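Trainee: Just need the structure, nothing else, for what follows:
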Amino acid sequence: ALPGEDWPRRLAELATTVAATGRGAVLVVPDHRDVARLHTACAELAGEDAVVALSAGLGPAERYRRWLAVVRGTVRIVVGTRAAMFAPVADPGLYVVWDDGDDLHVDPHAPYPQVRDVLMLRAHIDSASVLVAGHSRTAEAQLLVETGWAHPIAAAREELRAQAPRVTPTGEDFDVARDEAARAARLPAVAFEAARGSLAAGAPVLVQVPRRGYVPGLACGRCRTPARCRRCAGPLLLPGGGASEVPRCRWCGVADAAYRCPACGSGRLRAVVVGAARTAEELGRAFPGVAVRTSGGGDVLDTVPARPALVVATPGAEPVAEGGYGAALLLDGWALLGRQDLRAAEETLRRWMAAATLVRPARDGGRVVVGAEAGIPAVQALVRWDPGWHASLELAEREELGFPPHVRMASVEGTPDAVAGLLDEISLPDSAEVLGPVPLGEIDEEGRSERERALLRVPRQYGRALAEAVHAVRAVRDARKAADVVRIQLDPPSPV
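Mentor: The predicted structure follows:
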């Protein structure tokens with residue numbers, strides 16, 4: 001989708017066109033806010049009686065009533081969250097998944113279906129079309145393009161440049177020459193300039209912060225050792241503001257007013273990550289007289305008016321501004337890019353682009369300041385507004401390292417004895433590799449962990465053989481009622 005584009009309207013136009021031919025359309029989006037926007041757009045074009053919304057927020061009676069309307073073919077357009085991927089629409093002609101990289105599209109219950117994969121299978125079986133849409137592109141979607149299974153739909157570079165905001169990374173050469181602290185500052189001078197310019201123009205400013213809370217990460221003030229709970233070894237944090245705030249454990253909730261670093265004995269603590277609440281407090285002092293609003297957690301805003309304000313939001317909770325934001329400040333990029341996750345760079349770019357698309361075009365003064373250095377590929381993709389290039393780079397790196405989607409994987413997780421027993425019993429293809437097992441979580445004094453995980457990897461063409469082998473060994477374990485439960489997942493979203 002183009003930056004700043006009314007994507008619900010575009011998808012509604014597509015679904016209405018398909019419904020006019022007498023065929024059905026299923027449109028799946030990540031959350032209820034997207035469902036509300038898309039349902040409104042479809043109802044405006046096709047009429048209230050032609051579209052139905054399916055989501056978990058409906059009561060059992062209303063949900064069943066709408067499900068029957070879909071089964072009987074009285075409605076042709078189905079809009080919903082994850083569960084709508086199984087909607088039994090009559091004579092389907094189009095399946096759409098919006099923002100397929102969102103983790104809400106993966107069902108957390110076995111067999112862990114992913115919306116994109118399910119809709120692809122349904123489209124193949126029903127001889128229907130499938131559209132994988134979004135502001136960014138995943139490696140899985142890029143594989144569909146490179147193999148010829150799907151065709152890319154993207155605007156010309158001239159149109160993209162006309163619609164995109166101006167993106168400025170922090171720590172650029174001219175910024176460092178003007179401000180020596182620009183490379184290390186959390187909110188450098190260029191970010192303040194962008195915010196002041198937007199507020200002076202009467203437009204709100206979006207501030208994206210990776211973590212919610214006040215100070216969700218603490219470390220020793222002297223040696224930087226992460227602060228851990230003495231009871232359960234969980235991370236300590238400051239849940240709220242105030243000088244009298246006592247660090248608490250994120251896992252068990254126990255307060256630790258007399259913390260001492262086990263490495264150096266110091267009692268001083270420092271913030272490792274600053275949360276949205278602390279950021280809002282700091283911005284309130286930096287911009288006196290400007291309204292500061294927060295969006296995230298249990299208090300998510302849908303929209304904000306077109307007047308000067310600072311909107312601090314966590315990724316995925318950014319409200320839509322009337323007329324667009326004048327500027328967006330994407331803070332703490334290192335916190336997103338530095339995560340121990342296979343999809344860290346892909347997920348970071350997806351979150352950045354989702355926020356940047358809410359900003360006005362550069363011709364109208366829209367600016368995006370991203371808190372990361374310009375040489376990082378994800379930053380380059382954002383500056384150039386080229387998610388396809390980043391997806392192709394990501395796919396090539398995964399092929400070189402042997403990670404999905406170029407290979408098929410099965411994750412086996414359970415107690416050490418259960419994982420070892422399953423690996424002994426399973427009949428894998430000759431091309432299979434076993435990675436691990438590796439411990440998960442804390443290790444006891446004997447060097448053992450309560451849970452372990454092993455990864456089974458095969459070339460992509462042997463994916464079906466891997467699935468059959470896993471299914472067979474699972475059936476044997478279920479038949480003899482094995483006491484130790486083993487969690488098996490094919491193609492886990494993040495195997496590392």
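
Trainee: Mind splitting this protein into its structural domains?
Mentor: If you go by the TED database, the domain ranges for the chain are 7-134, 159-213+274-395, 216-272, 407-490.

Trainee: Now mean pLDDT and mean neighbour count too, for the ones you listed, in CSV please.
Mentor: Bear in mind the C-beta positions are built from the backbone N, C-alpha and C, glycine included. What follows is those, written out as CSV (pLDDT from 0 to 100; neighbours: other CB atoms under 10 Å):
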stretch, mean pLDDT, mean neighbour count
domain 7-134, 92, 19
domain 159-213+274-395, 83, 19
domain 216-272, 74, 15
domain 407-490, 86, 15
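
Trainee: Distance to residue 140 for those - can I get that in JSON lines?
Mentor: As requested, the domains of the chain are exported to JSON lines (distance: least, CB to CB, whole Å):
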{"stretch": "domain 7-134", "distance to residue 140": "7"}
{"stretch": "domain 159-213+274-395", "distance to residue 140": "9"}
{"stretch": "domain 216-272", "distance to residue 140": "30"}
{"stretch": "domain 407-490", "distance to residue 140": "12"}
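
Trainee: Can you tell me how far residue 64 is from residue 71?
Mentor: 10 Å (CB to CB, to the nearest Å).

Trainee: Out of the domains of the chain, which gets nearest to residue 150?
Mentor: When the domains of the chain are ranked by distance to residue 150, counting by CB to CB, first place goes to domain 7-134 at 7.0 Å.

Trainee: what's the span of the closest one, first residue to last?
Mentor: Across domain 7-134, the straight-line distance between its terminal residues is 9 Å, by CA to CA, to the nearest Å.

Trainee: How about the residue nearest the centre of the chain: what's its closest non-neighbour residue?
Mentor: The structure's the chain has its C-alpha centroid closest to residue 102; by CA atoms, centre = their mean the separation is 4.2 Å. Residue nearest to residue 102 in three dimensions, not counting chain neighbours: residue 30, with 4.2 Å by CB to CB, 6 or more residues apart in numbering.

Trainee: Please list all residues in contact with the one you found.
Mentor: For residue 30, the residues meeting the contact criterion (CB atoms under 8 Å, 6 or more residues apart in numbering) are 81, 82, 98, 99, 102, 104, 105, 316.

Trainee: Alpha carbons of the top helix by length along the chain, as PDB, please.
Mentor: Identified as the longest helix of the chain according to DSSP state H is helix 463-479. C-alpha atoms of helix 463-479 as PDB (Å, rounded to 0.1, in the frame of the first residue of the first chain):
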ATOM      1  CA  GLY A 463       8.600 -30.500   3.900                       C
ATOM      2  CA  ARG A 464       5.800 -33.000   3.400                       C
ATOM      3  CA  ALA A 465       8.000 -35.900   4.500                       C
ATOM      4  CA  LEU A 466       8.900 -34.000   7.600                       C
ATOM      5  CA  ALA A 467       5.200 -33.300   8.400                       C
ATOM      6  CA  GLU A 468       4.300 -37.000   7.900                       C
ATOM      7  CA  ALA A 469       7.200 -38.100  10.200                       C
ATOM      8  CA  VAL A 470       6.200 -35.700  12.900                       C
ATOM      9  CA  HIS A 471       2.500 -36.700  12.600                       C
ATOM     10  CA  ALA A 472       3.400 -40.400  12.900                       C
ATOM     11  CA  VAL A 473       5.500 -40.100  16.000                       C
ATOM     12  CA  ARG A 474       2.900 -37.900  17.600                       C
ATOM     13  CA  ALA A 475       0.200 -40.500  16.900                       C
ATOM     14  CA  VAL A 476       2.400 -43.200  18.500                       C
ATOM     15  CA  ARG A 477       2.900 -41.100  21.600                       C
ATOM     16  CA  ASP A 478      -0.800 -40.300  21.900                       C
ATOM     17  CA  ALA A 479      -1.700 -44.000  21.500                       C
END
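
Trainee: what's downstream of it, the next helix or strand?
Mentor: Toward the C-terminus, helix 463-479 is succeeded by strand 487-490 as the next helix or strand (DSSP states H and E).

Trainee: Give me the residues contacting stretch 371-391.
Mentor: When contacts are defined by CB under 8 Å, 6+ apart, stretch 371-391 is touched by residues 3, 135-139, 141-142, 145, 152, 154, 160-161, 164, 167, 169-172, 183, 186, 191, 329-334, 337, 345-346, 348-349, 352-353, 356, 368, 370, 393.

Trainee: Strands of the stretch 51-200 of the chain, start to end?
Mentor: Secondary structure of the stretch 51-200 of the chain (DSSP state E, counting those that start in this stretch): strands at 51-54, 77-80, 92-98, 129-133, 166-169.

Trainee: Which one of these lies nearest to residue 408?
Mentor: Each of the strands of the stretch 51-200 of the chain has some distance to residue 408 by CB to CB; the shortest is strand 129-133, at 19.5 Å.

Trainee: Off-centre distance for the closest one?
Mentor: Shown here is strand 129-133, whose average C-alpha point lies 19 Å from the average C-alpha point of the whole chain (CA atoms, centre = their mean, to the nearest Å).

Trainee: just the angle between it and strand 92-98, please?
Mentor: Using axes from the mean of the first three to the mean of the last three CA atoms, to 10 degrees, the interaxial angle of strand 129-133 with respect to strand 92-98 works out to 10 degrees.

Trainee: surely residue 308 meets residue 293?
Mentor: No: under the criterion of CB atoms under 8 Å, residue 308 makes no contact with residue 293, lying 11.4 Å away.

Trainee: want to throw the contacts of residue 30 into JSON lines with distance to residue 282?
Mentor: Compiled in JSON lines, the contacts of residue 30 are given as follows (distance: CB to CB, whole Å):
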{"residue": "81", "distance to residue 282": "35"}
{"residue": "82", "distance to residue 282": "36"}
{"residue": "98", "distance to residue 282": "34"}
{"residue": "99", "distance to residue 282": "30"}
{"residue": "102", "distance to residue 282": "29"}
{"residue": "104", "distance to residue 282": "30"}
{"residue": "105", "distance to residue 282": "34"}
{"residue": "316", "distance to residue 282": "22"}
